[in-house]
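sequence? don't have it. structure:
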């Protein structure tokens, strides 16, 4: 699966020739060391790259509920559901590189819920620290 951390790592790839870029992307997405991928044949590299389907958008609807590391979360549907300090921080975070701060944005736009879907106290810093591996 592609995680937020992997998306952030992919976004750092710049100024590479197309084949080298492809090899780095395969390495990152499949969690294979680049040194292993770079010795593959070009046919194998292209075949594995096509399997990744990085050029296609997800075909399912966005879910507002998700689980991560045994905890349940919901995304806010509008700004009225956010606390004021999270809204203010969101304004600051989006001024920077959006991909680089994607895990922070999702942390700000989500809140923890119990098994019945009721909002419970959550730890923003935990979300920031753990959402990089969110799928």
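Great, that's in hand. Just so you know, these numbers come straight off a predicted model, no measurement behind them.

just the element for residue 39, please.
Using DSSP states H and E, residue 39 falls within no helix or strand.

for it, phi and psi?
The main-chain torsion angles of residue 39 are listed as degrees, to the nearest 10 and equal phi -100, psi 0.

let's have the chain start at 225 instead
New numbering, starting at 225: the last item is residue 263.

okay, now it: neighbour count?
If you count neighbours by other Cβ atoms under 10 Å, residue 263 ends up with 9. (C-beta placed from N, C-alpha, C; glycine too.)

what's the spacing between it and residue 335?
As judged by Cβ to Cβ, to the nearest Å, residue 263 and residue 335 stand 46 Å apart.

next one: residue 318
Shown here: residue 318 relative to residue 335, a distance of 18 Å by Cβ to Cβ.

equivalent analysis for residue 247, please.
From residue 247 across to residue 335, the span is 40 Å (Cβ to Cβ).

show the subsequent helix or strand relative to the worst-scoring helix or strand of the chain on mean pLDDT.
Using mean pLDDT, DSSP states H and E, the weakest-scoring helix or strand in the chain turns out to be helix 308-317, at a mean of 83. In the C-terminal direction, the helix or strand that comes right after helix 308-317 (DSSP H and E) is helix 326-332.

low-confidence stretches in this protein?
278-286 (pLDDT under 70).

helices of that one, residue ranges please.
Using DSSP state H, the helices assigned to the chain run over residues 228-235, 242-254, 258-261, 266-276, 308-317, 326-332, 348-354.

ok so, going back, give me the more crowded residue out of residue 318 and residue 335.
residue 335 (21 against 13).

I'd say the more buried one and residue 295 touch.
No. Checked against Cβ atoms under 8 Å, the pair residue 335 and residue 295 is beyond contact range at 10.9 Å.

now the common contact residues for the two.
Both residue 335 and residue 295 are in contact with residue 346, where contact means Cβ atoms under 8 Å, 6 or more residues apart in numbering.

who's in contact with residue 228?
326-327, 330, 355-358.

turn those into a markdown table, columns for distance to residue 289.
Supplementary listing: the contacts of residue 228 in a markdown table, determined by distance: Cβ to Cβ, whole Å:
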| residue | distance to residue 289 |
| --- | --- |
| 326 | 19 |
| 327 | 18 |
| 330 | 13 |
| 355 | 15 |
| 356 | 20 |
| 357 | 18 |
| 358 | 13 |
